[in-house]
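Asks: Everything below, folded, please.
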Amino acid sequence: MPSCNPNATFMFIRLRFSRRHLCTQTRMYSTAFMRTDRIFLENIPPPPSWPESVHPVNQAAPVKLAWKESSGDKRRINIMIRVLQVAIINNRKRQIQWPTGGYISSNLQPNEYFYALMRPIPDFFNQLRKKGEPEIGFTEVDLGNSIYGATYPAADFDAFKKSPPMIVTLPDKLFTSAGVITSRVEYALHKVLEHNKYPTKFIVVTNLAEIAVFFLPRAGYEPAQHTFIRVPTTQPASALRVLATACVLEALPFPQCYFNAPDIELEIDETLVHPEGPPQDPDSRLLPDEHVFATCNRNSDFDHATLVRDRERALQFFRWNKHTRETKSKLVAHPGDTLCAMTNESGIHMPPLAKLTPIYPYDASELPPDTAKHLQIIQRDSPLVTAGLHDTFQQSSAFTVKILGVIDGGVAVRGICTVYRCHLSTIDGIPVHNSPSLCLKLFDDRFQPLEDPFPDDPIPRWFDPVAYAEGYAVTEALAYDKLRPAQGSLIPWFYGNHQFTLPDGAVLSGILMEYIDGHELNSDFVRAASRDTQLEMIQSCRHAVRVLDVGDVSQRDWHARQVLIHVNAATNTPHAVLIDFAFTTQTWDPEVPNHIRNYHNMFRVLMGNIGDVGLDPDLVLDHYGDPDDWDVVVGFIYGPARRRVKRFEGRNIFPFIERYEEPDLFTGEIAKEVKLTIAGPV
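Replies: Below you'll find the model as predicted:
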């Protein structure tokens, strides 16, 4: 591997095999770390002109094959490029070393220019590949008579009896004026097929200005046909690099699995003891149920490490959960109650701060200009800052809050949280007389509805669904911290994760934030809003999704109540405010990409597919907008009464390659809206 110094240089050796001699060339170039989604967008100098050929151009292959241009193969190219695009977007924030500093120049000889263009591609694969996947290498082959080729053999291609892809360069035009391939191209294709040890799927041929892909007959398809397509492009060099990379990925035994892809399901770490709870001696006697029922107030009051090793203790835990849900009220605080709190106490043993530092910080420069402008228009001042309490509160060790009202009494069957409106009563024992209204969210895992364990399952499996309130509170706090630049606009102001003591003595984790005077999407306010006002709400939700995406925050629990509509007092602008980040995920390990489908799921929310909403679905379909460059989703969303279906997919991140639009399945016409009989993501 090259040095990690962004200004470091490394040397590669170029081996050129010819019939007459073997020569070795070296070239030095600098490297720098570059984000994966940007490396194919660098500005590449135009290719040099080919020198006048010294070989006759009327070479002919000994055996002529009937190569025919085929529009049917356009979809194959689309799929190849889309697979590459998905792989890049899933790993888009990862940085890899990429050559810089004029290593490609129009002053090079054409074959040298081609080599410089192709040479970094193996590094792209080798830095992003999954552990255990074979490395990709680069081999240049001289096919003779001014025909040059490049292949990318993987270590196990022979084991799968496959040939690596070959990209052939040669001078002269690829096609005659009649659109027929020239004899030079036909001869080059013959030489490639003669050279390859095993059958190949396709061969890319280019003169650095034109690009064509030639497809070999596929096994089992009759009649056997030799076909080709031309690749329209405005930037041949960039397009050639993308196409070569896509061909390499396609030629691998398992192209969909070669790069790391996000896991749709939340992972369960079987070795995790989190939080550990009080240490217990496994040999100590089992306490009576009455004692456990009276003294345990949260899941972390039990020692998880002991539970998963002791059947009787595990069964007692599930009896305690059932008893709590049947005998106690989920609404643990009421108007007029005063709760004491320890400032910035999470209730669990936190890892070192360095391990909680996001790998990919929020980068506001990635926001589209219209989203950045929207955030400026709706920006609110922090209520605690306006009241002059922010610094005193953040530096405190304890405080009290008085409950003013109940926002959410925990009516959701599977929910473990209750939400209240409150204000600060004291900070470090000093009375507060000018506190603004705040929002308090308490996490209470003892009310999680747990089913009786299946006796035949291993005991550790019994605890897979068990939630730990402290962990969810920390997750939500980490999301708010990541999204701090957007707080006060599409995100509430956040005032920390604390430990609250209830009037009955129970201690719960909770977060404190700005109180949002807002309306739910299913409210009369939203239903009665004018068309223009609803349009503003829809577009604001679209901006909110971009904020999450740029922050690498994936909402894994989308539903309609996670979006509030707030009217900015200064500008009278109705806009979205996102709440509830307890189930969000971020990237904590670069080898495990974060699964992000915020665009698609917010779309489903606004269409009323995940809870009732008062928005006009036709407005949503027409004005929610297309996916951004970083979105990988491809799917369909139904309109009103299933009359309309909107097809959406992420934009082409390679704008210099003309993508072939796929026709409507029924009409054969090119259209963004199609009528289908199935819904949901594809």
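
Asks: and stretch 599-615, how far apart are its ends?
Replies: With Cα to Cα, to the nearest Å as the measure, stretch 599-615 spans 17 Å from end to end.

Asks: could you pull out the strands for the stretch 501-650 of the chain?
Replies: Counting by DSSP state E, counting those that start in this stretch, the stretch 501-650 of the chain has these strands, from start to end: 507-514, 519-520, 563-567, 574-578, 634-638, 645-649.

Asks: residues of the first one that come out buried?
Replies: Within strand 507-514, the residues that count as buried by 16 or more other Cβ atoms under 10 Å are 507-514. Using the backbone N, CA and C atoms, a C-beta is placed for each residue, glycine as well.

Asks: I'd like these written out as JSON lines, with pLDDT and distance to Thr426 added.
Replies: Shown next, in JSON lines, are these (pLDDT from 0 to 100; distance: Cβ to Cβ, whole Å):
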{"residue": "Val507", "pLDDT": "93", "distance to Thr426": "18"}
{"residue": "Leu508", "pLDDT": "95", "distance to Thr426": "19"}
{"residue": "Ser509", "pLDDT": "95", "distance to Thr426": "20"}
{"residue": "Gly510", "pLDDT": "96", "distance to Thr426": "17"}
{"residue": "Ile511", "pLDDT": "97", "distance to Thr426": "19"}
{"residue": "Leu512", "pLDDT": "98", "distance to Thr426": "14"}
{"residue": "Met513", "pLDDT": "97", "distance to Thr426": "19"}
{"residue": "Glu514", "pLDDT": "97", "distance to Thr426": "20"}
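
Asks: okay if I get these as CSV plus distance to Gly137?
Replies: Below are the buried residues of strand 507-514 laid out as CSV (distance: Cβ to Cβ, whole Å):
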residue, distance to Gly137
Val507, 59
Leu508, 57
Ser509, 52
Gly510, 56
Ile511, 51
Leu512, 56
Met513, 53
Glu514, 56
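
Asks: tell me which residues of stretch 363-377 are tucked away?
Replies: Quick answer for stretch 363-377 (16+ other Cβ under 10 Å): 366-367, 371, 374-375.

Asks: So which of those residues are in helices?
Replies: Using DSSP state H, the members of those that fall within helices are 371, 374-375.

Asks: Settle this for me: His390 is touching Ser382, isn't it.
Replies: Yes. The pair His390 / Ser382 is scored as a contact, 6.4 Å apart, by Cβ atoms under 8 Å.

Asks: quick one: the helices in the stretch 401-550 of the chain?
Replies: Applying DSSP state H, counting those that start in this stretch to the stretch 401-550 of the chain gives helices spanning 459-462, 469-482, 524-528, 531-550.

Asks: Quick one, which of these gets closest to Tyr258.
Replies: Nearest of the helices of the stretch 401-550 of the chain to Tyr258, taken as Cβ to Cβ: helix 531-550 at 24.4 Å.

Asks: Quick one: list the elements packing against that closest one.
Replies: helix 369-377, strand 563-567, strand 574-578, helix 598-606, helix 617-623 (3 or more Cβ pairs under 8 Å, 6 or more residues apart in numbering; DSSP states H and E).

Asks: 10 Å instead, please
Replies: Counting contacts by 3 or more Cβ pairs under 10 Å, 6 or more residues apart in numbering; DSSP states H and E, helix 531-550 is packed against helix 369-377, helix 469-482, helix 524-528, strand 563-567, strand 574-578, helix 598-606, helix 617-623.

Asks: Would you mark the buried spots in the helix or strand following the first one?
Replies: Yep, that's helix 369-377 we're talking about. Counting by DSSP states H and E, the next helix or strand C-terminal to helix 369-377 is helix 383-386. For helix 383-386, burial by neighbour count (16+ other Cβ under 10 Å) applies to 383-384.

Asks: For helix 383-386, C-alpha coordinates in PDB please.
Replies: The C-alpha trace of helix 383-386 is given here as PDB (Å, rounded to 0.1, in the frame of the first residue of the first chain):
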ATOM      1  CA  PRO A 383     -34.800  29.100  23.700                       C
ATOM      2  CA  LEU A 384     -32.200  28.500  26.400                       C
ATOM      3  CA  VAL A 385     -29.700  30.900  24.800                       C
ATOM      4  CA  THR A 386     -32.400  33.600  24.500                       C
END
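
Asks: Which residues outside that helix are in contact with it?
Replies: 380, 389-394, 423-424, 434-438, 488, 492-493, 495, 512-515 (Cβ atoms under 10 Å, 6 or more residues apart in numbering).

Asks: what distance separates it from the centre of its chain?
Replies: 34 Å (Cα atoms, centre = their mean, to the nearest Å).

Asks: One more: stretch 587-599?
Replies: Remark: stretch 587-599 is offset 5 Å from the chain centroid, using Cα atoms, centre = their mean.

Asks: same deal with stretch 226-241?
Replies: 29 Å.

Asks: Between the two ends of it, how far is it?
Replies: Stretch 226-241 has an end-to-end distance of 24 Å (criterion: Cα to Cα).

Asks: nearest to Glu345, of the helices and strands packed on helix 531-550?
Replies: helix 469-482 (10.0 Å).

Asks: What residues sit buried inside the closest one?
Replies: For helix 469-482, using 16+ other Cβ under 10 Å, the buried residues are 469-480, 482.

Asks: Nearest to Tyr115 among these?
Replies: Lys482 (42.6 Å).

Asks: Please report the distance of the residue nearest to the spatial centre of the chain from Pro262.
Replies: When Cα atoms, centre = their mean is applied to the chain, the residue found nearest the centroid is Ile596 (3.8 Å). For Ile596, the distance to Pro262 equals 7 Å [Cβ to Cβ, to the nearest Å].
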